[in-house]
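Q: fold the following.
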Amino acid sequence: MQTHHQAANPAAALTAAIQAAIQAALPPAPGPASAPQPAPVPPRTIYTVGELAEAEPALTVGGIRADLFNRKKNGLADSGAVIRRGRLLLLHRERYMTWLLTHGQEAA
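A: Numbering: from 1, shown residues only. The predicted structure is shown next:
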């Protein structure tokens with residue numbers, strides 16, 4: 001049997017039924033687990049002379065500077081490894097290492 005309260009308020013029952021149907025049709029609200037993740041940071045490729053010498057223990061600052069000083073003669077300038085920014089010379093690590101492996105001088 002219906003109580004007097006249920007029979008007297010059919011609009012409230014209809015509103016509740018509509019709200020329940022809408023909630024069932026909607027996708028779940030995003031929570032902390034589904035929050036968008038930041039884009040991954042690409043590995044670092046551009047270094048100063050000192051940073052590259054520190055990152056590659058076999059290299060020295062003096063050796064890298066000698067390569068840079070002679071870059072037009074030794075082919076380093078054409079390798080794409082040197083980035084000039086005003087007076088600052090930066091090095092693309094992978095390109096420099098590729099150049100070094102292909103153009104490095106053998107020990108006597």
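Q: residues in contact with Asn68?
A: Actually, residue 68 is Leu. It isn't Asn. Val49, Leu76, Val82, Leu89 (Cβ atoms under 8 Å, 6 or more residues apart in numbering). C-beta coordinates here come from the backbone N, C-alpha and C atoms, glycine included.
Q: mind listing the residues bridging to the third one?
A: This points to Val82. Per DSSP bridges, the residues bridged to Val82 are Leu91.
Q: could you check how far it is from Leu59?
A: Here Val82 is placed at a distance of 15 Å from Leu59 (Cβ to Cβ, to the nearest Å).
Q: quick one, phi/psi of the nearest residue to Ala55 once chain neighbours are set aside?
A: What sits nearest to Ala55 in space, not counting adjacent residues and going by Cβ to Cβ, 6 or more residues apart in numbering, is Tyr47, at 6.4 Å. Phi and psi for Tyr47, reported as degrees, to the nearest 10, are phi -130, psi 150.
Q: does Met97 count as helix, strand or coil?
A: Secondary structure, DSSP: H, G, I helix; E, B strand; the rest coil: Met97 is helix.
Q: surely it meets Ala55?
A: No - counting by Cβ atoms under 8 Å, Met97 stays clear of Ala55, with 10.1 Å between them.
Q: ramachandran angles for the residue nearest the centre of the chain?
A: Central residue of the chain (Cα atoms, centre = their mean): Val41, 1.8 Å from the mean position. Dihedral angles of Val41 (phi, psi; degrees, to the nearest 10) stand at phi -80, psi 130.
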